[in-house]
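[1] Predicted model and sequence below, questions to follow.
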Amino acid sequence: MYQPIEDYGLIGNMRTAALVGSNGSIDWLCLPHFDSPSVFAAILDDRKGGRFQIAPVDKTVHSRQLYWPETNVLITRFLCESGVAELVDFMPVPGTSRRSGTSLVVRMITGVSGELLIRILCDPAFNYGRDEHEVVMTPRGACFRSPNQSFGIATDVPLERKGTGVSGQVRLAEGQAAVFVLRSVERDQGCNMPLSREQATDHFKRTVDYWRRWISGCAYTGRWREMVHRSALVLKLLTFEPTGAIVAAPTCSLPEVLGGGRNWDYRYVWIRDAAFTVYALMRIGFREEATRFMNWVSDRCREADPDGALRLMYRLDGRSGTPEAILDHFEGYRHSGPVRIGNAAHKQLQTDIYGELMDSVYLYNKYGTPISYDLWQSLRKSINWVCDNWHRPDHGIWEFRTEPRHFVYSKLMSWVALDRGIRLAGKRSFPADREKWLKVRDAICEEIHKKGWDGANNTFVQAYGSDALDAANLIMPLVFFMSPTDPRMLGTINAIRTSVRQGGLTSGGLVYRYNASDGADGLDGQEGTFNICSFWLIEALTRAGRTDRTRLDDARLMFERMMSYSNHLGLFAEQTGSCGEALGNYPQALTHIALISAAFNLDRALDRRA
């Protein structure tokens, strides 16, 4: 049976990541990288997806999960009438292992009290369950070999062949332990490399030390330190260490609504995420990570088309193009098909990405390292591209699968691209087409106020000619397009804060990104509240609260309410459903980035008031 999305913890090694359920089952893992084909995908098909489960046989079992303090080492505690056992799951980070590259996933289960019979089941499904594989039993484990991928399970616990996988049992009394190592191997390599308990403990200590050293660099010491630390640790897990890129999420096709078709692949890197990521990481002291991501972004700028046009999303290695395909043989999470891999949105026009790009460069130049002349030359071309193309309709930040429209957010971020370009050129005395940029920037501003403002309803709208609301417009004061206390901005905040039943976008203090039920996005069905939008509202209220204590109090209460919607480990998915359940790909980088930003700015505002 499918577990709730929020019942999973995440482990990883900054190459790939695995979802570990509270039932001790790894139900999602792609090898060797985030965007590689899956070997375990039971979260997308309980029967065909494949899993690796370690759990007590005792039917009275219930479980608890926690992270080892200040780390990404996951503990699953099994509580049974016959005793207690703890399962430790982690991936050694490259450079922390004496046998670098040999151990990908280490799983160690230990008897804590009483005596428990533990069952082991490893049943992979290579290439999203599309490739057959052979099982080779070995004296100390098993090898699984498919045409394009192979891995081994090494252990001292006796295993036996069971269908397309292996299974086994081990009885553990207090203090006894069993160790399992999942290791990627070449087809001609052996798999008989188990770890002793002492070796596994050594890996554990080195991994714990790595994560504790890293998080000790966090500069945030405010009211929500624990949640900010967890969000930072999530972002580090979602970093692809070889390039510094950060994936939007480690999963694909987890539904935005159960039974619907809003299922997308987020295992890629969006240019849009750059500004939010750089800002959040710089604010809490992680300049090295911000620099590496900025270097990745800079490489994409240098690879832009001759006219300065960029792709909106990229693969981990920097290549563009992620063709979309449907896995018809997978039923989807809780029968919520179709299951998609790849993302057809890469072919869309989304003009907002240039604003997010320039904002990230501006922030990095201000708080990090001054940018190079060569990068400026690439950026200059992209800004000129915005001058020539900002007036075009596009698919918007939410990647509508309809005919292009004149989205207010896209125009806003085109304004940001020109504004940051003008500021950066002035601060660094770079050569620039200033007169042209100033003229276009001002024209965009006037057009937004003329065509994007609904005077009758006292709010900015989603698109020209529409009366629909869009929570993306909450970003206006965050990018300094509007004063946070401007009557037009306050009107927009008030409209979005209004209950959905009364035409707004808020339900129970959580925010929908727009009204999906009107079908304007070209997709069927409703969806959950969008977590990043809830944090954007918190930030907008925080800034407005500098002159209105009531709004600042509202921001704090809303932030505390949002914290209660994280799961037991402090993780957030993309969306929150009507019953408080996690929806969409999980965990999502942008949600945790927005949490960091909101916590930082709210904390500072509260300190000023005190």
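    Thanks, I have it.
[2] Tell me the spacing between E6 and Q53.
    Distance from E6 to Q53, counting by CB to CB, to the nearest Å: 19 Å. To be clear about C-beta, it is placed using only N, CA and C from the backbone, and glycine gets the same treatment.
[3] who's in contact with R197?
    By CB atoms under 8 Å, 6 or more residues apart in numbering, the residues touching R197 are M108, A177, V179.
[4] Format these as TSV; extra columns: pLDDT, secondary structure and neighbour count.
    Shown next, in TSV, are these (pLDDT from 0 to 100; DSSP: H, G, I helix; E, B strand; the rest coil; neighbours: other CB atoms under 10 Å):
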residue	pLDDT	secondary structure	neighbour count
M108	97	strand	21
A177	96	strand	17
V179	95	strand	23
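[5] of these, closest to Y512?
    M108 (42.8 Å; CB to CB).
[6] Spit out the contact partners of that closest one.
    Shown in contact with M108 (CB under 8 Å, 6+ apart): L87, V88, A177, A178, V179, F180, R197, A200, T201, F204.
[7] Could you do G525 as well?
    V257, G259, G260, G261, R262, A516.
[8] buried subset of these?
    V257, G260, G261, R262, A516 (16 or more other CB atoms under 10 Å).
[9] Between which two of those is the distance greatest?
    G261 and A516 (12.0 Å).
[10] any shared contact partners between those two?
    Contacts common to G261 and A516, judged by CB under 8 Å, 6+ apart, are L523, G525.
[11] Out of the contacts of M108, list just those in helices.
    Among those, DSSP state H puts R197, A200, T201, F204 in helices.
[12] can you name the two of those residues that are farthest apart?
    Longest span within those, CB to CB: R197 and F204, 10.1 Å.
[13] Averaged pLDDT, the one helix or strand H592 maps to. What do you get?
    Per DSSP states H and E: H592 is located in helix 589-609. The average pLDDT within helix 589-609 is 95.
[14] in that helix, what's buried?
    589-603, 605-606.
[15] do stretch 465-479 as well
    Under 16+ other CB under 10 Å, the buried positions of stretch 465-479 are S466, L469, D470, A471, A472, N473, L474, I475, M476, P477, L478, V479.
[16] ok, now how distant is H346 from I496?
    To I496, H346 is 29 Å away according to CB to CB.
[17] Counting neighbours, go ahead and name the busier of the two.
    Legend: neighbour count by other CB atoms under 10 Å for H346 and I496, higher for I496 (24 against 20).
[18] ok, then the element right after the helix or strand that contains that one?
    Using DSSP H and E, I496 sits within helix 487-497. Note on helix 487-497: by DSSP H and E, the next helix or strand toward the C-terminus is strand 506-507.
[19] Can you name the next helix or strand after that following strand?
    strand 510-511.
[20] contact partners of that following strand?
    471, 496, 505, 529-531, 533-534, 536-537, 561-562, 565, 576.
[21] helices and strands around the helix or strand of the chain with the lowest mean pLDDT, which ones?
    Using mean pLDDT, DSSP states H and E, helix 273-283 stands out as the lowest-scoring helix or strand of the chain, at a mean of 87. Where contact means 3 or more CB pairs under 8 Å, 6 or more residues apart in numbering; DSSP states H and E, helix 273-283 is packed against helix 225-237, helix 287-302, helix 353-367, helix 589-609.
[22] at 7 Å what do you get?
    Counting contacts by 3 or more CB pairs under 7 Å, 6 or more residues apart in numbering; DSSP states H and E, helix 273-283 packs against helix 287-302, helix 353-367, helix 589-609.
[23] Brilliant, that's me finished.
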